[in-house]
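K.L.:
Just the structure for this:
(one chain, ligands or ions: 2)
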Amino acid sequence: MLRLDNVTKVYRTGTFGGRTVTAVGGVSFDVLPGEVVSLIGESGSGKSTIGRMILGLTSVTSGAITVDGSPVRPGKDYYRAVQGVFQDPFSCYNPVFKADRVFTLIKESYFPRVSAAEWTERVDAAVRDVRLNPGEVLGKYPHQLSGGQLQRMLIARALLLDLKLLVADEITSMLDASTRIDVLNLLAELKTRGLGVLYVTHDLSLGTYLAERTVVLRGGAVVEMGPTDQVFGDP
Ligand code: ADP
Ligand code: ADP
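P.N.:
Ligands and ions are numbered 1, 2, ... in the order given. The predicted structure is shown next:
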């Protein structure tokens, strides 16, 4: 479903052809529907750049990224199928949080073929699915929620959108232990609904164990890839 084919990203820094940084060099892997793939690597190994390219937030220098055969095309249709959840759910580079009330954020995912009444019902159900109280959260502004609540709201949004792919970038690092387990259980649930998840992390975190497969990055290149237990079982 998600396919990266020999993807390279070169950042140009400075003016007049200054320095270049090859953040990602010739990376290929895929994520199938209902599969969690963890993308693991030290800080600076290119993980976020890969996430940002998949989300259309930065361009691909060469190679191709496709979702169900179509290239990344930022816009409403693309974001109906592909969404990102980031470490800092308030991070300003996620334009989702420029929305005003949480209800507006959720309403954006409006699926035009249902009645307003049915839509309200679905929104409430999705919010309850992530174990939040619709009456309590939907009237608030995103900054009035805790990080864990907001991350759960994003997962509720993913449920409503009927997403194909979720890019989860270091999502558990800001959460306390019990919220972390809640969020990971929700990811496991999304997976049973056929959603593909790219789980980006810099260390062996709990989420890694949700992943059937693991891709290990070093210096912008894939150094290891395979079933998670095999990758971590290696001496
Ligand atoms: P990770 O998410 O694994 O920490 P990144 O994708 O953030 O890695 O960074 C990979 C490399 O690209 C690093 O060397 C980083 O300094 C560089 N880099 C990231 N973003 C930019 C940018 N906007 N401009 C220039 N270099 C960047
Ligand atoms: P359009 O108005 O072209 O239909 P959107 O309003 O959906 O597009 O998105 C506008 C821009 O916001 C995109 O080009 C993209 O950079 C960014 N964007 C939208 N949604 C997300 C998201 N969930 N995660 C990251 N970036 C997003």
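K.L.:
Low-confidence stretches in the chain?
P.N.:
16-17, 87-113, 174, 234-235 (pLDDT under 70).
K.L.:
the helices in it, which residues?
P.N.:
Assigned by DSSP state H, the helices in the chain fall at 47-54, 76-81, 102-107, 116-129, 134-137, 147-161, 177-192, 228-233.
K.L.:
Sort out which residues of the last one are buried, please.
P.N.:
Residues of helix 228-233 classed as buried: 228, 231 (neighbour count, 16 or more other Cβ atoms under 10 Å). The way it works is simple: take the backbone N, C-alpha and C, and place the C-beta from them, glycine included.
K.L.:
Run the chain-centre distance for it.
P.N.:
23 Å (Cα atoms, centre = their mean, to the nearest Å).
K.L.:
Write out the residues of the chain neighbouring ligand 1.
P.N.:
With the criterion set to Cβ under 6 Å from any ligand atom, the chain comes near ligand 1 through 11, 13, 21, 23, 41, 43-49.
K.L.:
Redo these as CSV? Include neighbour count and distance to Leu57.
P.N.:
Converted to CSV, these look like this (neighbours: other Cβ atoms under 10 Å; distance: Cβ to Cβ, whole Å):
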residue, neighbour count, distance to Leu57
Tyr11, 13, 13
Thr13, 8, 17
Val21, 14, 17
Ala23, 22, 13
Gly41, 22, 19
Ser43, 7, 19
Gly44, 15, 18
Ser45, 21, 18
Gly46, 24, 14
Lys47, 24, 14
Ser48, 21, 10
Thr49, 22, 10
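K.L.:
measure stretch 56-66 end to end?
P.N.:
11 Å (Cα to Cα, to the nearest Å).
K.L.:
any idea how far the spatially closest residue to Tyr199 that is not a sequence neighbour lies from Tyr78?
P.N.:
Counting by Cβ to Cβ, 6 or more residues apart in numbering, Tyr199 lies nearest to Ser38, which is 4.5 Å off, once chain neighbours are set aside. Using Cβ to Cβ, to the nearest Å, we find Ser38 at a distance of 23 Å from Tyr78.
K.L.:
Repeat that for Leu184.
P.N.:
26 Å.
K.L.:
Which residue of these two possesses the greater neighbour count?
P.N.:
It is Leu184, of Leu184 and Tyr78, that has more neighbours when counted by other Cβ atoms under 10 Å, with 21 against 16.
K.L.:
so that one makes contact with Thr172?
P.N.:
Yes - in this structure, Leu184 is within contact of Thr172 by Cβ atoms under 8 Å, at 6.9 Å.
K.L.:
Touching both of these two, which residues are there?
P.N.:
The contact sets of Leu184 and Thr172 overlap at 206-207 (Cβ atoms under 8 Å, 6 or more residues apart in numbering).
K.L.:
shouldn't Leu187 be in contact with Thr172?
P.N.:
No - Leu187 is beyond contact range of Thr172, at 9.6 Å (criterion: Cβ under 8 Å).
K.L.:
Give me the residue at the spatial middle of the chain.
P.N.:
Central residue of the chain (Cα atoms, centre = their mean): Val167, 1.8 Å from the mean position.
K.L.:
ok, the nearest residue to that one once chain neighbours are set aside - how many residues close by?
P.N.:
Spatial nearest neighbour of Val167, chain neighbours left out: Gly84 (4.3 Å); criterion: Cβ to Cβ, 6+ apart. Applying other Cβ under 10 Å, we find 23 residues neighbouring Gly84.
K.L.:
Contacts only, for Gly84.
P.N.:
For Gly84, the contacting residues are 51, 54-55, 94, 166-169, by Cβ under 8 Å, 6+ apart.
K.L.:
just Pro134 next, same as before
P.N.:
So Pro134 contacts 123-124, 127-128 (Cβ under 8 Å, 6+ apart).
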